[in-house]
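Chemist: Sharing a model prediction with you, sequence too.
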Amino acid sequence: MRSLRILAAAGALAIAPVLRAQVTAVKAGKLFDAEAGVMRADQVILIKGGRIAAVGANLAIPKDAKVIDLSKMTVLPGLLDMHTHLIGPANDPEPLNELRRTMAEEAYVSIPNAKTVLLAGFTTVRDVGTYRALIDVAMRDAIARGDFPGPRMYVVGAYITITGGAGAMTGVSPDVTLPWDMSYGVANSPWEVRERVRRLAGQNVDYIKVLSSGAVLTHNSNANAREFTDEELAAAVDEAHNFGLKVASHAHNAAGIKAAVKAGVASIEHGSYLDEEGIQLMKQHGTYLVPTLETTDCIHSDPNEPPEFLEHSHRLDSLSIENFKRAVREGVKIAFGTDISVCPFGTNAKEFPLMVKYGMTPVAALQAATVGAADLLGHADLVGSIKPGKYADIIAVSGDPIANITVMEDVKFVMKEGVVYKEP
Ligand SMILES: [Zn+2]
């Protein structure tokens with residue numbers, strides 16, 4: 001332990017003078033000020049040690065700085081997607097295929113997903129569940145070590161779900177005994193819920209995910225059924241808070257939404273059957289809605305989609321859009337989330353035009369993927385805007401996304417923590 005500390009100190013001494021000299025200056029033709037919700041012209045961003053050092057119109061650029069010229073582009077903070085599933089193969093909507101792969105295959109097949117999502121401009125994700133527990137934790141750490149490129153991940157470790165619930169491996173014969181990691185988060189009482197939260201906290205997860213209603217993409221599930229009792233949801237939130245963790249709840253069914261909001265979750269995922277009472281409760285509690293609008297088209301256009309899932313989806317498609325519109329009109333806080341894996345990895349920004357089509361302004365949609373998402377994540381001090389002290393997560397697009405939000409689907413430049421991953 002002591003020798004490690006000395007090594008670290010020596011390393012820091014050796015590196016410090018170099019880091020001090022390494023300033024990168026980004027010239028931004030337009031820069032989206034996410035907090036103020038406005039574009040600012042001709043800005044300079046100075047970056048040091050992976051963080052934003054300064055930003056402004058008339059900053060002096062040090063002589064030895066590396067200059068990145070984005071003066072013909074619109075620069076924005078790195079985007080945040082609050083609902084991803086990076087674990088698992090691209091284009092495989094059948095959960096039962098999990099049983100055909102080893103845990104190692106599942107992990108390796110996921111590596112390209114991380115890079116694809118990063119290059120689409122998403123420098124931070126909240127990854128809200130994997131059928132094989134804890135691969136997300138390993139992936140987060142591998143990306144942080146620099147083993148392969150990907151967004152900064154905040155992970156949940158496993159779904160906390162009832163037996164046969166929305167996050168369970170369902171559709172399997174009772175003859176089959178599932179491996180431990182396919183049932184890691186199954187819980188059926190307040191104390192079991194607490195035990196699962198404790199397990200996950202002990203595995204260093206960043207967030208807790210519960211499922212308080214049935215799901216569309218789960219066998220034998222009814223999205224309009226409630227899952228978990230008030231006591232179980234209260235136990236999840238209370239225990240999570242003991243570890244300083246926030247809770248996200250998957251919920252379509254109106255009663256499942258309201259129960260989770262009353263229990264104190266930070267966000268409702270999907271929210272398809274959200275009713276007026278639910279909207280008022282979300283406003284009172286400051287609960288975010290993470291709408292995942294882009295999934296509908298992808299579910300219906302995927303030739304491999306299990307017919308059962310198509311039928312589930314048909315029941316709530318138009319309803320979820322109407323309820324989203326109402327939530328926007330009435331001022332529910334919205335955070336950007338895609339459920340990516342349902343749609344191809346890297347198409348996350350297709351969510352933006354749908355948010356705008358159904359009632360949000362382009363500025364509000366951009367804020368949902370920057371400052372709003374950072375607030376929901378609980379890390380507004382680190383990500384979500386280009387401000388001194390925050391990570392140097394910076395992207396750029398051609399054109400003005402406030403005039404035409406679809407330009408977000410073609411991100412030309414990506415920097416994460418001061419490292420450039422994509423250039424025009
Ligand atoms: Zn999801």
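Modeler: Here it is on my side, so go on. Numbering: from 1, shown residues only.
Chemist: what helix or strand is residue 209 on?
Modeler: strand 207-211 (DSSP states H and E).
Chemist: Go ahead and name everything in contact with the next helix or strand after that strand.
Modeler: Elements were assigned by DSSP H and E; along the chain past strand 207-211, the next helix or strand is helix 230-242. If you take Cβ atoms under 8 Å, 6 or more residues apart in numbering as the criterion, helix 230-242 is touched by 160, 187, 189-191, 193-194, 197-198, 201, 208, 210, 212, 228, 246-247, 249, 259-260, 262-265. (Glycine included, C-beta is placed from N, CA and C.)
Chemist: now, which of those residues lie within strands?
Modeler: 160, 208, 210, 246, 247, 249 (DSSP state E).
Chemist: Looking at these, state which has the most neighbours.
Modeler: Using other Cβ atoms under 10 Å as the neighbour criterion, residue 210 leads the ones in strands among the contacts of helix 230-242 with 35 neighbours.
Chemist: that older thread, I'd like the distance from the strand holding residue 209 to the chain centre, please.
Modeler: 13 Å (Cα atoms, centre = their mean, to the nearest Å).
Chemist: Equivalent analysis for stretch 40-54, please.
Modeler: 25 Å.
Chemist: do the same with stretch 416-424
Modeler: 20 Å.
Chemist: That one: end-to-end distance?
Modeler: 15 Å (Cα to Cα, to the nearest Å).
Chemist: and if you look at stretch 112-126?
Modeler: First-to-last distance for stretch 112-126 - Cα to Cα - comes to 17 Å.
Chemist: buried ones in stretch 119-132?
Modeler: Buried residues in stretch 119-132, counting neighbours by 16 or more other Cβ atoms under 10 Å, are found at 119-132.
Chemist: do the same with stretch 40-56
Modeler: Residues of stretch 40-56 classed as buried by neighbour count (16+ other Cβ under 10 Å): 40, 43, 44, 45, 46, 47, 48, 50, 51, 52, 53, 55.
Chemist: Also stretch 283-295?
Modeler: The neighbour-count check on stretch 283-295 (16+ other Cβ under 10 Å) flags 285, 287, 288, 289, 290, 291, 292, 293, 294, 295 as buried.
Chemist: May I ask which helix or strand encompasses residue 32?
Modeler: Counting by DSSP H and E, residue 32 is part of strand 23-33.
Chemist: ok, back up a step: I'd like the ones in strands among the contacts of helix 230-242 as a markdown table, with pLDDT appended.
Modeler: Shown next, in a markdown table, are the ones in strands among the contacts of helix 230-242 (pLDDT from 0 to 100):
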| residue | pLDDT |
| --- | --- |
| 160 | 98 |
| 208 | 98 |
| 210 | 98 |
| 246 | 98 |
| 247 | 98 |
| 249 | 98 |
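Chemist: among these, which two are most distant?
Modeler: 160 and 246 (13.3 Å; Cβ to Cβ).
Chemist: which residues are in contact with both of these two?
Modeler: Counting by Cβ under 8 Å, 6+ apart, the residues touching both residue 160 and residue 246 are residue 208.
Chemist: In CSV, please show the C-alpha coordinates belonging to stretch 156-171.
Modeler: Output of stretch 156-171 as CSV, limited to C-alpha atoms (Å, rounded to 0.1, in the frame of the first residue of the first chain):
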residue,chain,number,x,y,z
VAL,A,156,-27.1,-0.2,-12.3
GLY,A,157,-25.6,-3.8,-12.2
ALA,A,158,-28.9,-5.6,-12.5
TYR,A,159,-32.6,-5.1,-12.8
ILE,A,160,-34.4,-5.2,-9.4
THR,A,161,-37.6,-6.9,-10.4
ILE,A,162,-40.3,-9.3,-9.1
THR,A,163,-40.3,-13.0,-10.0
GLY,A,164,-41.6,-13.1,-13.6
GLY,A,165,-41.3,-9.4,-13.7
ALA,A,166,-40.4,-6.9,-16.5
GLY,A,167,-36.6,-7.3,-15.8
ALA,A,168,-36.6,-11.1,-15.3
MET,A,169,-35.5,-13.7,-17.8
THR,A,170,-39.0,-14.9,-18.6
GLY,A,171,-40.4,-17.4,-21.1
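Chemist: so how far is that stretch off the chain centroid?
Modeler: Per Cα atoms, centre = their mean, the centroid offset for stretch 156-171 relative to its chain is 19 Å.
Chemist: ok, now stretch 195-210?
Modeler: The answer for stretch 195-210 is 17 Å, by Cα atoms, centre = their mean.
Chemist: mind listing what's buried in it?
Modeler: Those would be 196, 197, 199, 200, 201, 205, 206, 207, 208, 209, 210, for stretch 195-210 by 16+ other Cβ under 10 Å.
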